[in-house]
Structures are given as C-alpha cells and as structure tokens.
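Engineer: quick one: sequence plus predicted model below, questions after.
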Amino acid sequence: MENLFIYVENEKAEDCLKYGIKLSEYANKIIEFNNIEKKGITAYLTPKDSELYDNNMFTCLRISTNGLNAIIYNKVFEDYKELLNNNYCNFNDYKLADYEDPIGMIYSTILPENIFLYNKVLDLPLIVENSKEYFYDKCVSDLIENDRFTKFELYQTLLLLGEQKNIFKSEKIDNNLKIYTDTISNKIFTKKSDN
C-alpha cells in the first residue's frame with residue numbers, strides 16, 4: 001500500500017492541498033501504545049472505511065506515504081490498552097487483513113506534495129474497497145482452505161443462520177429431511193439428518 005486516506009472539512013481542503021497538513025493543527029486522536037501516548041491524524045486504508053465517505057461536508061484526501069510516520073492499529077481494541085499493545089504496527093509492516101478494523105494514524109506533518117484530492121470515479125485503483133469486508137472474506141477463505149471447516153459444514157450452518165434471520169422458511173418433512181425455502185427467490189435447500 002502506498003496511500004492512506006483522510007477526511008477534512010470542505011473549507012479546509014484547498015489549504016491542505018496548497019500548504020500541507022500540520023500535525024499540531026490537524027491531530028484528532030491520542031492513543032496510548034505501551035505506555036507512550038501518540039498524537040496523530042486519523043487515516044484510513046480505503047476511503048470507504050470511514051463513515052464520512054458519503055458525507056458531503058467533508059473532502060477525502062489521498063495521502064502518499066513516502067517519508068510519512070504512520071502506524072496501523074486494530075480499532076476493535078482501542079479501548080483495551082493491553083490488547084492494543086499487541087495489535088498495532090508501523091504502516092510499512094502492515095499486511096492487508098491483519099486486523100479486523102484497521103485504522104491508520106499519521107504522526108508527522110504531511111507535505112503538500114504528498115496530498116492529492118481523492119476522486120471517487122477516476123482515482124488510482126484500490127486494492128481493497130472495504131478493509132473490514134476484506135478481512136472477513138480472507139478469514140472465511142483461510143478457514144476453508146486450511147480444512148478447519150468443510151463446505152458442507154458451512155452450508156449447514158448458513159441454513160440455520162438463514163432460518164434465524166428469516167431469510168429462509170423451513171419445513172420438516174420427516175426426522176431425516178428438512179427443507180429451507182429462500183423467501184425472496186423461492187430456491188429450495190435441503191438439510192439431511194444422519195439420525
């Protein structure tokens with residue numbers, strides 16, 4: 001990854017592009033790692049990782065990470081100091097899908113030559129659209145590839161979950177067979193019992 005993304009209020013975007021982003025002025029987060037407080041600017045691995053993605057009051061800026069001091073941490077552990085201490089790394093050491101909810105923190109001033117206006121339509125292609133979804137996709141794939149669960153077991157579990165979420169209507173035919181019907185497509189799925 002060569003970029004991080006930050007959001008600034010629309011009226012500040014032009015100044016950021018011209019003059020850069022001073023850490024002292026734009027720092028919006030203080031996190032303690034291993035008993036050391038770090039003050040930084042919240043950054044995202046992809047624009048869609050932020051709840052500000054569709055907010056018209058904010059502008060997304062793409063930040064080139066060349067010469068930047070930044071870390072990535074797992075936001076899931078933000079309120080748990082002991083767990084957070086083992087769930088952060090330097091930006092350059094982070095591998096996609098290492099953390100469930102990765103958040104970047106830039107703790108240096110960002111020079112204007114490292115700042116670009118992000119264009120949702122015509123910008124550089126993104127490796128990942130949404131970090132959290134990619135994490136879940138990768139975990140499920142890893143569990144299947146490493147034979148932790150068979151596809152049959154996942155199928156059976158998804159049928160039960162679908163029934164709980166009212167995605168499927170179920171009908172018990174006898175002690176050995178249950179039919180699940182998708183409430184939207186009317187597709188039928190079966191679950192056989194070994195009893």
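Structural biologist: Cool, the structure landed. Residues are numbered from 1 along each chain as shown.
Engineer: beta partners of the residue of the chain positioned farthest from its centre?
Structural biologist: In the chain, the residue that sits farthest from the middle, by C-alpha atoms, centre = their mean, is residue 174; the gap is 43.5 Å. Beta bridges link residue 174 to residue 177 when assigned by DSSP bridges.
Engineer: and it, how far from residue 193?
Structural biologist: According to C-beta to C-beta, to the nearest Å, residue 174 and residue 193 sit 9 Å apart. Quick note: C-beta positions are derived from backbone N, CA and C, even for glycine.
Engineer: kindly report the same for residue 175.
Structural biologist: 6 Å.
Engineer: repeat for residue 50
Structural biologist: 46 Å.
Engineer: just residue 181 next, same as before
Structural biologist: Residue 181 is 18 Å from residue 193, by C-beta to C-beta.
Engineer: more neighbours: which of these two?
Structural biologist: The residue with more neighbours, out of residue 181 and residue 193, is residue 181; 15 against 10, by other C-beta atoms under 10 Å.
Engineer: doesn't that one belong to a strand?
Structural biologist: Yes - using DSSP: H, G, I helix; E, B strand; the rest coil, the assignment for residue 181 is a strand.
Engineer: name the nearest residue to it, sequence neighbours excluded.
Structural biologist: residue 169 (4.9 Å; C-beta to C-beta, 6 or more residues apart in numbering).
Engineer: show me the contacts for the one you found.
Structural biologist: 180-181, 183 (C-beta atoms under 8 Å, 6 or more residues apart in numbering).
Engineer: between the residues you listed, which is nearest residue 115?
Structural biologist: The closest of the contacts of residue 169 to residue 115 turns out to be residue 183 (C-beta to C-beta; 48.4 Å).
Engineer: show me the contacts for that closest one.
Structural biologist: 166-169.
Engineer: of these, grab the buried ones for PyMOL.
Structural biologist: Those of those that count as buried under 16 or more other C-beta atoms under 10 Å are selected in PyMOL with:
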select buried, resi 168
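Engineer: what's the farthest-apart pair in the contacts of residue 183?
Structural biologist: 167 and 169 (9.0 Å).
Engineer: wait, residue 171 touches residue 178, no?
Structural biologist: Yes - here residue 171 reaches residue 178: they are 7.0 Å apart, a contact under C-beta atoms under 8 Å.
Engineer: where does pLDDT dip in this protein?
Structural biologist: 194-195 (pLDDT under 70).
Engineer: any chance you could map the strands in this structure?
Structural biologist: 3-9, 29-33, 36-43, 58-64, 70-74, 88-90, 102-106, 115-117, 168-174, 177-182, 188-192 (DSSP state E).
Engineer: who touches stretch 133-151?
Structural biologist: 96-97, 99-102, 128, 154.
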